[in-house]
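Trainee: model the following, please.
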Amino acid sequence: MTLTAEIRASETRDAVTIAEGLSEKIAAGAERADAEDRFVAENYALLKEAGLVEAGVPQELGGGGADVRELAGMLRVLGRACGSTALAFAMHTHQVAIPAWRWRHQKVAAVEPLLKRIAAERIVLLSSGGSDWINGSGLARRVEGGFRVSGRKIFTSAAAAGDVFMTGAVLEEDGERHVLHFGASMKAPEVRILDTWHTLGMRGTGSHDVVLDELFVPDAGVALKRKSGEWHPLFHTIATIAFPLIYAAYLGVADSACRIALDMAKERPVTHDMRGMAGRMMTELRGAEMALASMLAAVDRNAPSAETVNEVMTGKVLGADHMIRAVELAMELASGAGFYRSAGLERRFRDIQGARYHAMQRGPQAQYAGAMALGESVATVF
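Mentor: Residues are numbered from 1 along each chain as shown. This is a model prediction of the structure:
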């Protein structure tokens, strides 16, 4: 029986169950990809064959119908097996979950063709979120029938596997700066990937730079035009939905590090210090779980706003702190044996460091939370 047949054999299998069934194979490729500094292409092929590419598409449109909470569970499972696979796939997953949420809760019909295409063709979406936060990046100039866009987008996870690049560019017009949002085909001759992703951790994400060189974007291809440098309601939705999914992947990394450390510790006589260290480690992990739970609770209200952004970003910073500390304690609990690459902790220690760097980082998040608490505007705090 093929993998596809195995996955399709039971229609009751949800995304989490499917991910669990793939975990062993995904874990097998993780160490090789990390050691060779290359994208986890084989794991992406498994995800696509299993139907997880379309897991977040509503069932009415041909997808798996998974909501954000189920998708977060899926990514946490994948993160236990391979941090790079989970983090890269989170970037596709949130690009599916956001239009799916808008279709379901805001009745936005314009996203339906994209969602149907994801389900039918299993296309992989790329995110330029690392380049295109509230300010945007790249330049657009108006030409007949549309725009010519140029720019270099960093942190494009799974660049080699992508079909459509969800990105944007800054248009300076009438003395104002606006950001245009659009999807670009990765097969367009004006789009190319630069081999730049040689990093401390998350090496298998293949988050290379993508260059747009005078790419033509027709007027009809612009999905959104917004002011640069200030929050737009759609970004409330993006931030509220995307970050719980991204940090679910990191939580999976912390899960696996703690499990490895406990297994190694149990092979030695338990001392007073070991017991306390294990307890502190598990407390940090529980703190991370609670932080993610608070983020998902904000999603569950189905009312993205400045307030839900504040809750999600607070949970993000708290969760990152707890996850990083849990993995640090895992290294200590495992003792010297954990220092060897073969133990698996070294890779997870490097991978978890990425949790520090996603927007909003600690400084802007504190400014945002402080402005909210003081009753000030957060329109330009990001």
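Trainee: going by C-alpha atoms from here, please, whenever you check contacts or count neighbours.
Mentor: Fine.
Trainee: for the chain, what spans make up the helices?
Mentor: Remark: helices assigned in the chain by DSSP state H are 3-8, 15-36, 41-49, 68-81, 83-105, 112-121, 233-265, 272-300, 306-334, 345-352, 362-373.
Trainee: switch those over to TSV; also include distance to Leu224, mean neighbour count and mean pLDDT.
Mentor: What follows is these, written out as TSV (distance: least, C-alpha to C-alpha, whole Å; neighbours: other C-alpha atoms under 10 Å; pLDDT from 0 to 100):
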stretch	distance to Leu224	mean neighbour count	mean pLDDT
helix 3-8	37	14	42
helix 15-36	30	18	95
helix 41-49	29	18	97
helix 68-81	23	26	98
helix 83-105	13	25	98
helix 112-121	15	17	98
helix 233-265	9	24	98
helix 272-300	22	19	98
helix 306-334	19	24	98
helix 345-352	33	23	98
helix 362-373	24	16	98
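Trainee: may I see the domains of the chain written out as residue ranges?
Mentor: Domain ranges of the chain: 3-123, 139-227, 233-373, per automatic domain parsing.
Trainee: who wins for proximity to Gly138 among the helices of the chain?
Mentor: Nearest to Gly138, of all these, is helix 233-265, at 18.3 Å by C-alpha to C-alpha.
Trainee: same for the closest one, what does it pack against?
Mentor: When contacts are defined as 3 or more C-alpha pairs under 8 Å, 6 or more residues apart in numbering; DSSP states H and E, helix 233-265 packs onto helix 68-81, helix 83-105, helix 272-300, helix 306-334, helix 345-352.
Trainee: wait, which of the ones you listed is closest to Phe243?
Mentor: Among the helices and strands packed on helix 233-265, helix 306-334 sits nearest to Phe243 (C-alpha to C-alpha), with 7.2 Å.
Trainee: how far does that closest one sit from the chain's center?
Mentor: Distance of helix 306-334 from the chain centroid (C-alpha atoms, centre = their mean, to the nearest Å) equals 15 Å.
Trainee: equivalent analysis for stretch 157-175, please.
Mentor: Worked out by C-alpha atoms, centre = their mean, stretch 157-175 lies 17 Å from the chain centre.
Trainee: can you give me the first-to-last residue distance of it?
Mentor: Terminal residues of stretch 157-175 are spaced 34 Å apart (C-alpha to C-alpha, to the nearest Å).
Trainee: got it, and stretch 213-231?
Mentor: 27 Å.
Trainee: got a list of contacts for it?
Mentor: 134-136, 145-151, 170, 176-184, 190-191, 232, 379-381 (C-alpha atoms under 8 Å, 6 or more residues apart in numbering).
Trainee: quick check: mean pLDDT across that stretch?
Mentor: Stretch 213-231 carries an average pLDDT of 97.
Trainee: cool, stretch 136-154 as well?
Mentor: The pLDDT scores in stretch 136-154 average 98.
Trainee: hey, C-alpha coordinates of it in CSV?
Mentor: Only the C-alpha atoms of stretch 136-154 are listed here, as CSV (Å, rounded to 0.1, in the frame of the first residue of the first chain):
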residue,chain,number,x,y,z
GLY,A,136,7.1,46.4,3.9
SER,A,137,10.1,46.1,1.6
GLY,A,138,11.1,46.2,-2.0
LEU,A,139,9.9,48.8,-4.5
ALA,A,140,7.0,49.0,-6.9
ARG,A,141,6.6,51.5,-9.7
ARG,A,142,3.5,52.0,-11.7
VAL,A,143,3.5,51.0,-15.4
GLU,A,144,0.7,50.4,-17.9
GLY,A,145,-1.7,47.8,-16.6
GLY,A,146,0.0,47.3,-13.3
PHE,A,147,3.4,47.6,-11.5
ARG,A,148,7.0,46.5,-11.9
VAL,A,149,8.4,45.2,-8.6
SER,A,150,12.0,44.7,-7.5
GLY,A,151,13.4,43.7,-4.1
ARG,A,152,15.3,41.1,-2.1
LYS,A,153,13.3,39.2,0.4
ILE,A,154,15.1,37.5,3.3
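Trainee: need the contact list for Leu75.
Mentor: Taking C-alpha under 8 Å, 6+ apart, one finds Ala86, Leu87, Phe89, Ala90, Leu245, Ala248, Ala249, Gly252 in contact with Leu75.
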